[in-house]
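J.: sequence below, structure please.
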Amino acid sequence: MKMKMKTKIQINVLSIDARDDTIHFQSYFSNGHCSTTLETYGYANEFQDFAKKITEFPKSIDDVAIYKLGERGIKWAYYLLIKVYCSQPNGRASIRIEATNNSISPYYHESIFEIESQAASLNRLGKSLLHWNPRESKKFEWTPNQQ
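T.: Numbers count the residues shown, from 1 in each chain. Have a look, this model is predicted:
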């Protein structure tokens, strides 16, 4: 019997550096068929601007909301792109995930895939991210069909 992965986004706080308030995040993304995990660093408000954009998404059929951290290549340890856009005019939307660990072989990995969702579910994602405080709650989780 083949087990299907659950479609979700999960962000865990691995540690918080008390000296500069830097947070070590581990992000997990799955579309039910493939998944990836990427570790990054940021601050408690790391996802706030992105969250605000998707609480009101879409404002038009051409609306796009982007969260980007790092770059591909040796200049950065990682690259993460989360791009939300309308994939169909009927209200379906997609979240494009591009996650790259810029390490050297055999530790290098790159994943590119999409998570399909309804715009209303993405609005809930935005609202949940806006209210998430990684200093108080070490885990954030969203699934497209949560209420």
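
J.: and Thr55, its phi and psi?
T.: Thr55 adopts backbone torsions of phi -70, psi -30, taken as degrees, to the nearest 10.

J.: with adjacent residues omitted, what lies nearest to it?
T.: Gly126 (3.6 Å; C-beta to C-beta, 6 or more residues apart in numbering). To be clear about C-beta, it is placed using only N, CA and C from the backbone, and glycine gets the same treatment.

J.: Ala65 reaches Ala51, doesn't it?
T.: No: using C-beta atoms under 8 Å, Ala65 is not in contact with Ala51, being 9.2 Å away.

J.: how about residues contacting stretch 86-93?
T.: Stretch 86-93 is contacted from outside by 57-58, 61-63, 84-85, 94, 114, 116-120, 122, using C-beta atoms under 8 Å, 6 or more residues apart in numbering.

J.: list the contacts for the residue nearest the centre of the chain?
T.: A centroid search over the chain (C-alpha atoms, centre = their mean) returns Ile82, at 5.5 Å, as the residue closest to the centre. Contacts here follow C-beta under 8 Å, 6+ apart; on that basis Ile82 touches 50, 66-68, 95-97.

J.: which elements pack onto the longest helix seen in the chain?
T.: Longest helix of the chain, by residue count under DSSP state H: helix 119-131. With contacts defined as 3 or more C-beta pairs under 8 Å, 6 or more residues apart in numbering; DSSP states H and E, helix 119-131 has these neighbours: helix 48-55, strand 92-101, strand 139-142.

J.: using PDB, list the CA coordinates for the first one.
T.: Think helix 48-55. Taking C-alpha atoms only, helix 48-55 is exported to PDB below (Å, rounded to 0.1, in the frame of the first residue of the first chain):
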ATOM      1  CA  GLN A  48       5.400  39.300   8.000                       C
ATOM      2  CA  ASP A  49       5.600  41.200   4.700                       C
ATOM      3  CA  PHE A  50       4.800  38.100   2.700                       C
ATOM      4  CA  ALA A  51       2.000  37.200   5.100                       C
ATOM      5  CA  LYS A  52       0.400  40.600   4.700                       C
ATOM      6  CA  LYS A  53       0.400  40.200   0.900                       C
ATOM      7  CA  ILE A  54      -1.300  36.900   0.900                       C
ATOM      8  CA  THR A  55      -4.000  37.800   3.400                       C
END
